[in-house]
Each structure stands twice: as structure tokens, then as C-alpha cells.
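Student: next input, structure requested:
(chains A and B)
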Amino acid sequence: MPSIDHSSTNKLDLYLISEADIPYEQDVLRHPYTLAPWMRYIEHKLESPIHERVFVFERACRDLGRSYKVWKMYLDLRVKYLDEINPAKYEDEFVKVNECFERALMMLSKMPRLWIDYLQFLMKQCRVTETRRAFDRALRALPITQHDRIWPLYLGFAKSVKGPTAVCVYKRYLQYKPQDIEDYIDLLMSLDYHAEAAQQYIAILNAPKFVSKNGKSQFQIWTELTDLLVHYARDIRDYLKRRGAKFLNAIDTEKIIRSGIDKFSDQRGKLWVNLAMYKISIGDFEGSRDAFEEGVTTVMTVRDFTLIFDSYAEFEESIISSLMEEAAQRGGQSDDEKDAELDIRMMKFEQLMDRRPFLVNDVLLRQNPHNVVEWEKRVGLWGNNAEQIVKTYTDAIATINPKKAAVGQLYKLWTNFAKFYERAGDLRQARIIFERGVKVPFKSANELADLYIEWAEMELRNENFDRAVDIMTKATNGPQRSNIDFFDENLSPQQRLHKSMKLWSFYVDLVESVGTLDETRKIYDRIFELKIATPLTIVNCANLLEENKYFEESFKVYERGVELFSYPVAFELWNLYLTKAMHRNLNVERLRDLFEQALDKCPPEFAKSLYLLYGELEETRGLARNAMQVYDRATRAVSEKDRAEIYRFFIKKTAANYGLPATRTIYERALELLPDRDCRELCIDFAEMEQKLGEIDRARAVWVHGSQFADPRIHPRYWEKWHEFEVLNGSEETFKEMLRIKRSVQAQYNTDVNFIASQTVAKSKPGETASQPTAVIENSAAPSFESSEVIRGTENEENDILAGGFGDGEIVLDMDY
Amino acid sequence: MRKRPPDDSTHPAHPVPPLPDRFFDQYASAPRVGDDPELHDGRTRQSPHIEGRWPTHVYCEWIPTETESTSLDLLVPPTASSLVHSPLGAPLPLHISLSQSLMLATDDRDDFVRSVWAAINDSLPSFSVKFTSADWLMNPSHTREFYALRATPSDQLTAILDATNHVCQAMSYPTLDDATFHVSLAWRLPDQANSKRPRRDDSDERQQSVMDTLEVNVEAVKIKIGRTVYRKDLKS
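Tutor: Residues are numbered from 1 along each chain as shown, chains lettered A, B, ... in the order given. Predicted coordinates:
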């Protein structure tokens, strides 16, 4: 390594100048302060050994002290020369270059490039303080607009240096760029300067205009802070202690977490646990218990509660296990104080576990204090602790707002409270409770009614029948003429109570069983007066009177009922009324009036049974003619679906009373009026009737008429019947005619929508294998051939006559007609 | 008929605590059903219901025990309507009035309660009241007559009454000047009064002995405004 001596600048090292250099030397002598000759000289020496080049550069720099170009080239050369040299081993060489830089910067302190080169060069060396000072000088020398070129280097340097230096550097950097505070915090954290980090967090949280460059929300930052405070609680406390008494309260972790509990209501579970963990980590176990306790008794959700409670239990368990370990280590030696502590801890832990259901209940009641079901559960939790049960009920009653009691029924709470005293044999206090309970403005009047009923039932259980009646009398008390609507929610339940049918029904039942008939009748009268009677009340009242042989009175009640209710409700009442009246064998005229009255506004769907009843009356006690008239009326009055049945009934009755021929007109009218489906069946009956009378032609005409309603494939029965008829009564001609009609009907149905519909029906019929449409046609077409087969088989004697008629060609021909 | 004796097998009749005093502060009166006397056993309201006027009453409550109730029942004249038991057999709380029936304006309610509580000395101790005699008293509007136990005047009662009167005067509500502290046990309409005027003297002595056994412990002063009850506990 050639040594380069700067100190001997006075004497010229002439041996460094060779022959070839002379022109250049002369040139620079002629123009010593001009750049060009020097540059030419430097270029000329490009290939020379380092010391010769340095010799030229040194002289050039002396002459052109403010030339950036020369300095830059020179310094680059020197730095490059030391590039792969160990700075620790050859420290002297590095120092020389440093001095060179210093000289350059003395003249060119505004050159950021030189500073950067210098700093980068310095950073290679083990000279922390000098480097730091150089950085500081660079920052001082350069204008602030160029600081951004220095800082990345400086920060890199700080990070590699670590320790207080790094912190100081960053502190300065923050003055230049305050928004990078999060990087500073990261640095502090990486250096384990937790207290400072916490203070910086607090600073940014307190700055109202702070915007995180990493896009963190305030909550995120806050969470990071609390995590930090909780995790390094001990560190931070020690740090603050070191700083002195004045700083001890600089970071109040508890206050910070509590403020979070107030502010972030959805994170309460986690935050309470944090607070307790903090207390644990600073060794304040009692404090952490307090935090846990406060947590479990204030949180609003079961989720938060579970979180805190589980940590609480875990904490207590770990304390106990560590105490037990200690005890084990002590071995035989007993330490009364320690043993007592362990016992107390165990007991407390058990107690905590016992408290859990109560605490959960507390949470739910805090969520909704008007939750009746939870209050009931709370009572249940107390088991047999009478003192606490009474207290809980009292609390519940004082807390629940009847209008807000949406979960569960409030009246049940009152009832159970009273029942609690009743079970203990203290009716007096149970009564006090009921007396209060009925003053509660319940959400619905039904609840109030139920409460009164429960009260009365309690008196009944204890055999105070008169008192039960008194209670119901009081409950049902209302103004003589009441315009109050039971369902008017704007009125208090107490105002509407006297219209509660539930209450009245109970009252009536009660008086019926313990009172006299007159008393019961009065109550029924009052019910009717209040216009709250239901059909059931009417029936019950009528039955009661009937049982006591007040038949006329009972009929009056029915009268009242049918006045109060219109159809369809009235139908059942009429039905009962008329049946009972007929049983009583009242005057026929009166019964007729009743029937007329009942049928007056009767809708068709209910008319059937009334007409049948009416007809029965006329048949048994009146005139057959009248009965027929009634049935006749019925055929017109009843609904469509009942009509066929009524006609059939009418026909049957007519046949019985006036003989078969009289039914013809009815059949004819029925066929006109009834739907096709019913006509088909009726035609069968009609035809058979004519056949019975020997009117073969008429019968056949009916068959022909009816055939239009009977698709041979769907209703083979019709055709079988007709077939039978023709076999018995017809000739070849008529038989052929029947077959012709059958084919034409079938053809007609083929094009008909009905056919397609019937196909679908056939397809969807359960049990029938799903078949192809063609198969269905074949299947449905089969009966016609089968039936012809049957004809061949059974009617052997007529075979000759008939055989000709069954040629295929003929069928085709017939189809053509 | 549903008739089922209480299930004694699973819940043996063990002594149960009495209803706490707090219980009686809830639902002290029923919601309004209207002023129709028909709905109030024939009573006419002294001051009709007015929107924005709150019936208010300062009093000391007495919740008789079972034995006390029985004793009081003996004192109630047979023809009058009892205030000791409701018509449905439930024992009722009794009271010593410490104000008239005031009709407070809506805005005055909070002030009134606050002022009365402030006027009653915080160190006023709880006290007991005994009774001297029983007699009929007419209400100011002569619409009802009350059978009442006269209480022995005590400093505490007078102190509370003075406090109330003071507040009433300041807020220009009527004061209760006629300071006969009493507990009403029964009432009747005045037209029923004369029929049974001559009282059986033989019972007087027994009544006196019953009365002597009665002693009321007053532990709180209560104010009822509308249907809300406010209470101030005395120093125990």
C-alpha cells in the first residue's frame, strides 16, 4: 500500500513528475487558475499509479479549491481506492480520506452530493459520533429543501446504530416530518423503549388532527396502545419510576382503559380483561379482582360477560394452583397463614362459580330490565331463600314498566309472587299482592283479567267461595251503560276490564257452581247487556236454562243469539235451536215460523241441513205435500254442490209419496239445472226408473241424452249400464245405434279439452304406473273392444245376428259419418 | 270446579318474610277509570280530575301486621266501610296525613318534593306514634265522615307538618292547619251517620285497651303525587 502524504505539500515531490508530464506542468504553470489545463493533465494521468494521480489532484484542488468537478473526481478516486479495504484495520487510510472530504466541504459545503458521498463513506467506518456529527453538519449546511436527500441515510444510520442515538436522530427527524411518527413508534418498540412508545401513542391520540399514514383508525391505534400498556406494564412502570416521582403518573393505564370502556361499548369484554391483566402484570391481584368484578357486573352482553368471567375464573384457578404448589413445597410444615389463604381462595372460587347464573341473569336484566322471564328465572335461582325471593319479586315489580314488558307475561309474576305467600300459608299477604296487582296498568286487559281470575282461584283453593265471587263481582264491575270498546288500547286495562269475556266466562262458571240459578241468570243477562256474548255463551246459557227445565227461557236465549249473530255464526245457533224446538214438540205453526225465519237470510251453503230438518218436520207432523214443497224450495235454495244430493233426496221422497211417474218432471228439471257431472249419474237413475216403468223408448231417449256427458274411456260404467239395458231390451238396430253414438261421443271427446285433462288425471292417479301418452290412449281405447268381446262371449245365441256388425271396415265407415 | 289445596308436600309452610316496605310504594293507586261515583263505591271525588293537576299528599305510612289488623278490625264500627281491609279482604296500608290533598301543577312536582325533603331535617330520627282515642271526623267538604284514631302529638310529627306547611305556603298551596294527627280506619257517607249515632258504651273500655296496644313505628315520610310515591327515610 503506497502511503500518500498530504503534509509535505511544501516541497515538490519532483520525482513524481515524469518526462511526459512536463508539457502539462508548463501548461498549468501558465494558467494555474484555469480548469482546462488541469483537466487535460488529469486526463493524461488517468493510467498512472495512484500516488501520481493524487499528487496532480492535490495540486489541482489547491489551485481550484472551489471546483466541484475536480474535488468530485478526486474524492471518488480516493473512495474507490479504499473500496474493499477493511475500515477497522486500515483506519489511518480512512482518516486521511475523511480529512480530504473535510477540506473539500470547507469550500463546497452547499454541495449535497459531496455530503452524501462523505456520509456514505463515514458510515462504512466505526466512528459513530463523528458520523453523527457529520450528519448534523450536513443538515445544518444544506437548505431544508435538500434535507430529504440526507434523511434516508441518516435514518438508516440511526437504525444500524440503535440505542439512544437512534432515538435522538428520530426525534430530530420528526421535527422535519411529523407524519412519520408511527415509524418512530415502531423503532421505539423494536428497541424496547415501551414507555416512550406509549407516550408517543398518547400524543397522537390526543392530537385531534392526526391522520395515520398507514390508514389506521383511532380505535386501532388505541388498541395498540392498550396492548402495549398491558403487555409491558412492568417495563413502563419501572421506566416511569426511574424518571422520578413527577413522572410516575404520566401514563395512567387504568384511566386510559377505563376511558376506552366508556367510549368503545362493543369492546367492553376485551377491555375489562385488559384492565385486569394490567393489574395482574403489575402484581396488583386485588386490583385485578376489582376490575373483573366491575366488568362482570356492568357489561351488557352475554358474550362480553363470558369473556370476562372465563378470564376471571382462569385467573383465580392459577392463583389457587400456585398456592397449592407452594403448600406442596412446604411439605409437612404447616403455615397457618398460608393455609388459611388457600382455603379462603378456594372458597371464593366456589362462590364465584355459584354466582355465575346470577351474574348472567344480571347481564340479561341490564339489557332489558322489563324482561319478565328473566326475573322469573332469577327468582328460581334463589331456590328456597325466602328473604331473597321476596326481595327479587319486589325489585322486579319496582323495575318492570308494564307497558314495556314484552318478554313474558307480567301478570304471571304477580301471580307467582302471591302463590309464594299462599304456599307458605300466608293468605293475608297474598291478598295484599293481588290487591296491588290489579292496580297495575298492564299492557293488555287480558292480563288484568287473568290476574283477577288467579286471585279468585286462590280463594277457591282455600275454600273461600264467597270471596271468590266478590272478587269477580268487583272485577266485572262497570258502568251500567258501557260504550267502552274492549280492544281500545288508548284506555287503561282497568277501564276496559268489565268487557272481558274471559273474565265473565269464569264468573259465570264460578257462580254456576257455587251460586243459585237466579244469580247465574243475572250474570248472563249482564253479559248480554254488555253485548260481549259469544255464540258459546248463548249455547251455555240456553243449556243451563234447559237443564233447569226453563225451556221457553232457553228458547228466548236462542232468539237473542240469532238476533245478535248473523250467518254463518247464526247457523249453528239455528241448528241447535230448531233441533231443540222440534224435540220439545212445539206448535207446528210456531215451528214453521221459526224455520221460515231461519231460512230468511240463510246463505245457500248452510241451507241444506235446515231444509232437510224442515222437510222432516213437515213429513212427521205436517203434510206430505208441504214437505214436497219444502224440498222443491230446497233444490233452488241450496248451493251448487249440495244440489244433486237434494234432487236425489227429493226424487226419492217423491217416489215414496207419489209413485215413480211423479218424479219425471223433477228429473227433467234436474237435468236442466244440474252440472254435467251430476247429470250423468242422474241419467242412469232416470233411465233405470223409466225401465222399471217399462217405458223402454223413454229410457233409451234418456240414455241417449245422458251419453253426451259420459266419455266412454273415463266413464265406462255409464256405457256398461246402457249396454246391459240394450242387451235386455234392445234389438240389433238399437244396439248398433248405441255403438255408433258411443264412437261419436268418443270422437267428440278426442278433440275436446276434457280428454286431455282426463289424460293428465289418469296419469297422475296414484298406483297406476306412469305410462306413455300412446299407452294411455290404447288403455282407454281398450274397453270398447273388450266390451265388444264381452258381447260376443255372453250373447252367444245372438252371435249370428251381431257378427256382421263388428267388421273393422264398418267401424271405419261409421267413424266417417 | 277447580279446587286444589296448595301443594304442601313439596313446600312446607315455613315462615316467610313480610312484604318489604318498598313494595307498598308501587302501584299505590289504580289507573283512572273515570270520576263516576258508581265505579268508586258511591264516593264522590273531592277535587275533580283536571289535566295538568296532580293529586298530592304527604303522609306517614303504617302497614299493620296481622295482629294489628285484627285489633283494628275490632275498632271499626260495623256499619262503616273499613279502610283496614279492602272489600276483598286484603289488608290496606294506613296513614297519618301531614298535608291536605293538594292539586299540584305539573311543573311544581319536582320542586315540591325537593323542597319538602330539604325542609325536613336530615337528622330527624324515626319515631313511634301511640293513640289516645277514636272518633268520627268530618272531611272539610262534608261529603264523607271518617272514623279515626287520634295520635298522640309528637315533636317529630309536628316538625314534619311544619316543614310541609312551610313549603305549601311558599308555593301557595293550602296548608294543613288543624293539627289533629290521626289514622282513619273507616268511612261513611254523612247521611248514614245519624242512624247509628248512639254508640254502645260498653265497648269503649275494650276499645281503649285495644288502642293501648297499638304503636306505629314511623321510619319514612312519603309523598304521593299522582300514582308515584316518593319517600324519605328517617334516621334510624
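
Student: going forward, measure contacts between C-alpha atoms and count neighbours the same way
Tutor: Noted.

Student: any idea how far residue A:546 is from chain B?
Tutor: The gap separating residue A:546 from chain B is 21 Å, by C-alpha to the nearest C-alpha, to the nearest Å.

Student: cool, residue A:331 as well?
Tutor: Per C-alpha to the nearest C-alpha, residue A:331 is found 49 Å from chain B.

Student: the stretch 101-250 of chain A: helices as residue ranges?
Tutor: Assigned by DSSP state H, counting those that start in this stretch, the helices in the stretch 101-250 of chain A fall at A:112-123, A:128-141, A:147-161, A:163-176, A:181-190, A:194-206, A:218-231, A:233-243.

Student: want to throw the ones you listed into a markdown table with distance to residue A:310?
Tutor: Rendered in a markdown table, the data for those read as follows (distance: least, C-alpha to C-alpha, whole Å):
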| stretch | distance to residue A:310 |
| --- | --- |
| helix A:112-123 | 54 |
| helix A:128-141 | 52 |
| helix A:147-161 | 42 |
| helix A:163-176 | 41 |
| helix A:181-190 | 30 |
| helix A:194-206 | 28 |
| helix A:218-231 | 18 |
| helix A:233-243 | 22 |
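
Student: so can I have JSON lines of these showing mean neighbour count, mean pLDDT and distance to residue A:686?
Tutor: As requested, the helices of the stretch 101-250 of chain A are arranged in JSON lines below (neighbours: other C-alpha atoms under 10 Å in any protein chain shown; pLDDT from 0 to 100; distance: least, C-alpha to C-alpha, whole Å):
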{"stretch": "helix A:112-123", "mean neighbour count": "20", "mean pLDDT": "87", "distance to residue A:686": "123"}
{"stretch": "helix A:128-141", "mean neighbour count": "17", "mean pLDDT": "88", "distance to residue A:686": "124"}
{"stretch": "helix A:147-161", "mean neighbour count": "16", "mean pLDDT": "88", "distance to residue A:686": "114"}
{"stretch": "helix A:163-176", "mean neighbour count": "17", "mean pLDDT": "86", "distance to residue A:686": "113"}
{"stretch": "helix A:181-190", "mean neighbour count": "18", "mean pLDDT": "86", "distance to residue A:686": "104"}
{"stretch": "helix A:194-206", "mean neighbour count": "19", "mean pLDDT": "86", "distance to residue A:686": "101"}
{"stretch": "helix A:218-231", "mean neighbour count": "18", "mean pLDDT": "88", "distance to residue A:686": "92"}
{"stretch": "helix A:233-243", "mean neighbour count": "17", "mean pLDDT": "83", "distance to residue A:686": "106"}
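
Student: and residue B:228, which of those is closest to it?
Tutor: The minimum distance between residue B:228 and the helices of the stretch 101-250 of chain A falls on helix A:218-231, with 44.1 Å, by C-alpha to C-alpha.

Student: packing partners of the closest one?
Tutor: Helices and strands touching helix A:218-231, as assessed by 3 or more C-alpha pairs under 8 Å, 6 or more residues apart in numbering or on different chains; DSSP states H and E, comprise helix A:194-206, helix A:253-263, helix A:268-281.

Student: just checking, next helix/strand downstream of the helix or strand of chain B with the lowest mean pLDDT?
Tutor: Taking all helices and strands of chain B together, the one with the lowest average confidence (mean pLDDT, DSSP states H and E) is helix B:202-213, at a mean of 75. With elements assigned by DSSP states H and E, the helix or strand that comes after helix B:202-213 is strand B:215-218.

Student: sorry, back to before: in the least confident helix or strand of chain B, what's buried?
Tutor: Residues of helix B:202-213 classed as buried by neighbour count (16 or more other C-alpha atoms under 10 Å in any protein chain shown): B:207, B:211.

Student: how far is that helix from where the chain is centred?
Tutor: The gap between where helix B:202-213 is centred and where its chain is centred comes out at 21 Å by C-alpha atoms, centre = their mean, to the nearest Å.

Student: do you know which of the helices of the stretch 101-250 of chain A lies nearest residue A:678?
Tutor: Evaluated over those, closeness to residue A:678 peaks at helix A:218-231, with 80.4 Å, by C-alpha to C-alpha.

Student: near chain B, which residues of chain A?
Tutor: A:386-387, A:390-391, A:394, A:397-398, A:421-426, A:428-429, A:431-432, A:435-441, A:457, A:460-463, A:467, A:470-471, A:477-479, A:492, A:494-495, A:510, A:513 (C-alpha under 8 Å from any C-alpha of the partner chain).

Student: which among those count as buried?
Tutor: A:386, A:390-391, A:394, A:397, A:421-426, A:428-429, A:431-432, A:435-441, A:457, A:460-462, A:467, A:470-471, A:478, A:492, A:494-495, A:510.

Student: residues in contact with stretch A:505-522: which ones?
Tutor: Contacting residues not belonging to stretch A:505-522 are listed as A:453, A:465, A:469, A:472, A:473, A:523, A:524, A:537, A:541, B:1 [C-alpha atoms under 8 Å, 6 or more residues apart in numbering or on different chains].

Student: number of nearby residues for the second one?
Tutor: The number of residues packed around residue A:465, counting by other C-alpha atoms under 10 Å in any protein chain shown, is 20.

Student: which residues touch it?
Tutor: If a contact means C-alpha under 8 Å, 6+ apart, then residue A:465 has A:459, A:514 as its contacts.

Student: distance of it from chain B?
Tutor: Using C-alpha to the nearest C-alpha, one obtains 10 Å as the distance from residue A:465 to chain B.

Student: angles on the backbone of that residue, please.
Tutor: The phi/psi pair for residue A:465 (degrees, to the nearest 10) reads phi -70, psi -40.

Student: hang on, the earlier thing: looking at the helices of the stretch 101-250 of chain A, which is closest to residue A:52?
Tutor: Evaluated with C-alpha to C-alpha, those place helix A:112-123 nearest to residue A:52, the distance being 23.0 Å.

Student: name the strands paired with the biggest strand by length in chain B and say parallel or antiparallel.
Tutor: With residue count as the measure and DSSP state E as the assignment, chain B has strand B:127-138 as its longest strand. Strand B:127-138 has the following sheet partners, assigned by DSSP bridges: strand B:145-151 (antiparallel), strand B:215-218 (antiparallel).

Student: got the angle for that strand vs helix B:202-213?
Tutor: Relative orientation of strand B:127-138 and helix B:202-213, computed by axes from the mean of the first three to the mean of the last three C-alpha atoms, to 10 degrees: 150 degrees.

Student: neighbouring contacts of strand B:127-138?
Tutor: When contacts are taken as C-alpha under 8 Å, 6+ apart, the neighbours of strand B:127-138 outside the stretch itself are B:144-152, B:154, B:156, B:208, B:211-212, B:214-219.

Student: low-confidence ranges, chain B, go.
Tutor: Within chain B, the stretches falling below the threshold (pLDDT under 70) are B:1-14, B:32-47, B:179, B:192-203.
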